[in-house]
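Participant: here's my sequence, what's the structure:
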Amino acid sequence: MSDDLDGWGGAEFVLAADRLDTPDVVEAADPGDTLRQVASAAAQVRTALRSCAETDLSGFAADGRPRAIVVAGMGGSGLAGEMLNAMAGLSSPVQVVVSQAERLPGWVGAADAVVAVSCSGSTPETLAIATEAARRGCRLAGVGAEGSPLHRVAEQARAPFVPVVPPGLSRGGAGGSSPPGPAMLPRSMLWAVAVPLLVIAERIGVARIGTDVYELAASRLEEVSHQCRPASESFVNPGKSLALDLVGELPMVWGTSALSGVAARRFASQLQENAKYPAIYGVLPEAAHSQVAAFDGPFAPRSSRLSAAEPSPGAEDISDLPGWDLDYEDAEPASGFTALRLILIADPDEDQRVAAQRAAVIELAGQRGVGISELGMDGEHPLVRLAGVIQLADYASVYLAIASGIDPGQTVAIRDLRTRIE
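Facilitator: Numbers count the residues shown, from 1 in each chain. Sure, this is the predicted structure:
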């Protein structure tokens, strides 16, 4: 298969589908066992709940509610804070702020709580904020790898620390008799870092979840994992089908609420990290005021571009410039550009106006020749709705990598960049 995905045609698409439906090829293309890591999501939820139960979180209680919760975390750890923010909603009595920097906002002080989240426990930005939070007298909690630098910061501050335990291992690292597999990727450990944060927030009355809801979310994760298992062929496997929709196209992922916006951001991030695909994410209604303009650009196959309103003749008439041709009325597909693919993640709790926007966007995209993939969120509780669509998106991102001949677990560019800045 060509390494160049520009201009993918029928033969290349068939080859991509064949790769996904050949078990030996899937296994060989995923040497880091990323698919297995994605499948561990339900186990992460249950393991994290046990870790929380074994941790003294008595300092976080409803009768000592902080003014604000600052969640410090990068990548998936930061996304855990956005999950909390979306579930808490505008009616939350406590402000939730996600910090992805090396400094706390100036207003944060002793009246606030800071939860430092890092799967590895060694993220420099998160360590800096945890240290600063302890110095300012904030109520601090840590979530990360046991024995890590973040764990030591929490111990020095006498703050609670919830260890992130990979599924299949007991707290303290004592696993079963099977040999250890490839190291868990932080981006595959979203639920391991998110659940402790949600438990802490629930203890102080910022979120309403409960044991039953966590189990429903775990069950939804298992259900999607079964549907998307590698042995399931692409025509009945929603993860593989979604991946094939994206082959050779430029993904633009939109949510229709704060909650589905979190799922959209997760999908775009996983496409970048697993499939090495550039991806854009947005949320309606904001995306309708900005990103929709891309439907009139060179990445839209039947873009109207500049034909809708040609400039009047004059000294600054752009049509007088050499090399400019404003005649696009033939509406032929754009050539030389990767076509856009819009992925809409619809939340049943979306605003009525947003629902109307979503319908109009679908119509407009069809008119411009922009492909559409719609993902529906399902479930009464926001956590369950997030679980289903995030798990599907995680599988699709890994399958897209495999379909494109890319190892989803490799992180060469990230490592190369890190060596240049350390």
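Participant: what sits against the residue lying closest to residue 189 once chain neighbours are set aside?
Facilitator: Distances taken as Cβ to Cβ, 6 or more residues apart in numbering put residue 119 closest to residue 189, at 4.8 Å, once the chain neighbours are dropped. In this view, the C-beta of every residue, glycine as well, is placed from N, C-alpha and C. Residues in contact with residue 119 (Cβ atoms under 8 Å, 6 or more residues apart in numbering) are 76-77, 144-145, 164, 186, 189, 192-193.
Participant: would you say residue 115 is within a strand?
Facilitator: Yes: Residue 115: assigned to a strand according to DSSP: H, G, I helix; E, B strand; the rest coil.
Participant: contacting residues around it?
Facilitator: 69-72, 81, 140-143, 197, 200.
Participant: just the closest of these to residue 159, please.
Facilitator: The shortest approach to residue 159 among the contacts of residue 115 belongs to residue 140, at 4.0 Å (Cβ to Cβ).
Participant: burial measure for the nearest residue to residue 235 once chain neighbours are set aside, as a count.
Facilitator: Leaving out its chain neighbours, the residue that sits closest to residue 235 by Cβ to Cβ, 6+ apart is residue 241, at 7.2 Å. Using other Cβ atoms under 10 Å, residue 241 has 19 neighbouring residues.
Participant: my read is that residue 241 contacts residue 234, right?
Facilitator: Yes: using Cβ atoms under 8 Å, residue 241 is in contact with residue 234, at 5.8 Å.
Participant: can you give me the buried ones in stretch 98-117?
Facilitator: 98-100, 104, 108, 112-117 (16 or more other Cβ atoms under 10 Å).
Participant: please apply the same query to stretch 220-232.
Facilitator: 220-222, 224-225, 227-228, 230, 232.
Participant: I'd like these as a markdown table, with secondary structure, distance to residue 411 and pLDDT appended.
Facilitator: Compiled in a markdown table, the buried residues of stretch 220-232 are given as follows (DSSP: H, G, I helix; E, B strand; the rest coil; distance: Cβ to Cβ, whole Å; pLDDT from 0 to 100):
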| residue | secondary structure | distance to residue 411 | pLDDT |
| --- | --- | --- | --- |
| 220 | helix | 28 | 98 |
| 221 | helix | 24 | 98 |
| 222 | helix | 27 | 98 |
| 224 | helix | 25 | 98 |
| 225 | helix | 23 | 98 |
| 227 | helix | 28 | 97 |
| 228 | coil | 23 | 97 |
| 230 | coil | 22 | 95 |
| 232 | coil | 27 | 94 |
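Participant: adding distance to residue 150 as columns, could you present these in JSON lines?
Facilitator: JSON lines is the format used below for the buried residues of stretch 220-232 (distance: Cβ to Cβ, whole Å):
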{"residue": "220", "distance to residue 150": "30"}
{"residue": "221", "distance to residue 150": "26"}
{"residue": "222", "distance to residue 150": "30"}
{"residue": "224", "distance to residue 150": "31"}
{"residue": "225", "distance to residue 150": "29"}
{"residue": "227", "distance to residue 150": "35"}
{"residue": "228", "distance to residue 150": "32"}
{"residue": "230", "distance to residue 150": "34"}
{"residue": "232", "distance to residue 150": "38"}
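Participant: for residue 248, see how far away residue 62 is.
Facilitator: Going from residue 62 to residue 248 by Cβ to Cβ, to the nearest Å gives 52 Å.
Participant: between those two, tell me which one has more neighbours.
Facilitator: Using other Cβ under 10 Å as the criterion, residue 62 and residue 248 rank with residue 248 on top: 19 against 11.
Participant: any idea of the mean pLDDT for the helix or strand hosting residue 134?
Facilitator: Assessed by DSSP states H and E, residue 134 sits inside helix 124-136. Computed over helix 124-136, the mean pLDDT rounds to 96.
Participant: ok, stretch 74-90 next?
Facilitator: Averaged across stretch 74-90, pLDDT comes to 91.
Participant: gap between it and the chain center?
Facilitator: 11 Å (Cα atoms, centre = their mean, to the nearest Å).
Participant: over to stretch 241-260?
Facilitator: Centroid separation for stretch 241-260 versus its chain: 11 Å, with Cα atoms, centre = their mean.
Participant: now the end-to-end length of that stretch.
Facilitator: Stretch 241-260 has an end-to-end distance of 20 Å (Cα to Cα, to the nearest Å).
Participant: pick the one among the contacts of residue 115 closest to residue 299.
Facilitator: Ranked by distance to residue 299 (Cβ to Cβ), the contacts of residue 115 are led by residue 81 at 31.7 Å.
Participant: can you report how many residues lie near the closest one?
Facilitator: 26.
Participant: excluding covalently adjacent residues, which one is nearest to it?
Facilitator: Nearest one to residue 81, counting by Cβ to Cβ, 6+ apart, is residue 71 at 3.0 Å.
Participant: helices or strands next to the helix or strand encompassing that neighbour in the packing?
Facilitator: Following DSSP H and E, one finds residue 71 within strand 68-72. Applying 3 or more Cβ pairs under 8 Å, 6 or more residues apart in numbering; DSSP states H and E, one finds that strand 68-72 makes contact with helix 76-88, strand 95-99, strand 113-118, helix 124-136.
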